[in-house]
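> coordinates only, no sequence provided:
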């Protein structure tokens with residue numbers, strides 16, 4: 001922890017570099033990804049402060065939309081789309097995902113009931129994939145597509161899509177190589193950017 005504290009102390013000693021950020025934000029992209037510490041959106045994309053609005057959840061899960069059941073995730077999506085008017089939403093899954101791997105293997109999560117209940121949002125009927133694949137590549141690909149489909153159930157997302165003012169993108173990040181693939185609907189596959 002100490003190296004992180006030391007960096008934070010040095011970081012705050014350059015206020016002139018950050019003064020412009022006080023005027024507000026206008027990111028073009030909502031980046032939805034996993035909380036996994038190996039997945040760093042700004043590092044992957046080269047984004048500077050103010051360029052990405054981020055939503056990080058265990059497994060990169062987009063919960064079902066429900067008017068009577070607000071969540072921080074739904075509020076973040078709605079704010080990004082309605083208030084910030086982002087033009088793109090990226091759902092970025094990653095290799096070696098513990099959440100997706102747990103679903104594929106059918107792990108016993110009774111010791112972590114909040115995790116178990118959260119992961120049920122991802123796939124109430126299970127996640128297809130090969131349990132012997134440590135990268136869980138196919139399962140993560142399917143998971144990303146399921147989250148993109150779930151996003152379409154959000155009224156603000158569906159409206160902006162129908163108006164042609166929003167694009168949804170599915171990405172897959174390989175933590176062991178740094179490669180990023182994007183889902184191409186015409187080929188129905190994830191391909192290099």
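That came through, no problem. These figures come from a predicted structure and were not determined experimentally.
> and residue 132, how far is that from residue 138?
12 Å (Cβ to Cβ, to the nearest Å). Quick note: C-beta positions are derived from backbone N, CA and C, even for glycine.
> ok, those two, which is more surrounded?
residue 138 (16 against 8; other Cβ atoms under 10 Å).
> what mean pLDDT does the helix or strand hosting that one get?
Using DSSP states H and E, residue 138 falls within helix 137-151. Across helix 137-151, the average pLDDT comes to 94.
> what packs against the next helix-or-strand element following it?
Downstream of helix 137-151, the next assigned helix or strand under DSSP H and E is helix 155-162. Counting contacts by 3 or more Cβ pairs under 8 Å, 6 or more residues apart in numbering; DSSP states H and E, helix 155-162 packs against helix 72-78.
> off-centre distance for the helix it packs on?
A distance of 12 Å separates the centroid of the chain from that of helix 72-78, by Cα atoms, centre = their mean, to the nearest Å.
> which strands and helices sit next to whichever helix or strand comes after it?
On the C-terminal side of helix 72-78, the nearest following helix or strand under DSSP H and E is strand 88-94. Counting contacts by 3+ Cβ pairs under 8 Å, 6+ apart, strand 88-94 packs against strand 29-34, helix 137-151, strand 167-173.
> paired strands for strand 88-94, with orientation please.
With DSSP bridges as the test, strand 88-94 is paired with strand 29-34 (parallel), strand 167-173 (parallel).
> please work out the average pLDDT along it.
98.
> over to stretch 109-121?
The pLDDT scores in stretch 109-121 average 93.
> okay, now the unreliable bits of the protein?
For the chain, the stretches flagged by pLDDT under 70 are 123-131.
> mind running it again at 80?
12-14, 67-70, 123-134 (pLDDT under 80).
> coming back round to it: can you give me how far the helix holding residue 138 is from the chain middle?
The answer for helix 137-151 is 11 Å, by Cα atoms, centre = their mean.
> ok, which of the strands paired with strand 88-94 comes nearest residue 157?
Closest approach to residue 157 among the strands paired with strand 88-94 is made by strand 167-173 (7.7 Å; Cβ to Cβ).
> what residues sit buried inside that closest one?
For strand 167-173, a neighbour-count test (16 or more other Cβ atoms under 10 Å) marks 168, 169, 170, 171, 172, 173 as buried.
> report the two of the residues you listed separated the most.
168 and 173 (16.8 Å).
> doesn't residue 116 lie inside a strand?
No. Secondary structure of residue 116 (DSSP: H, G, I helix; E, B strand; the rest coil): helix, not part of a strand.
> my guess is it contacts residue 107. True?
No. Taking Cβ atoms under 8 Å as the definition, residue 116 is not a contact partner of residue 107, at 9.1 Å.
> re earlier: next, the angle strand 29-34 makes with the helix holding residue 138.
Helix 137-151 and strand 29-34 are oriented at 130 degrees to each other (axes from the mean of the first three to the mean of the last three Cα atoms, to 10 degrees).
> so what secondary structure elements neighbour helix 137-151?
Partner elements for helix 137-151 (3+ Cβ pairs under 8 Å, 6+ apart): strand 88-94, helix 98-105, strand 167-173, strand 180-184.
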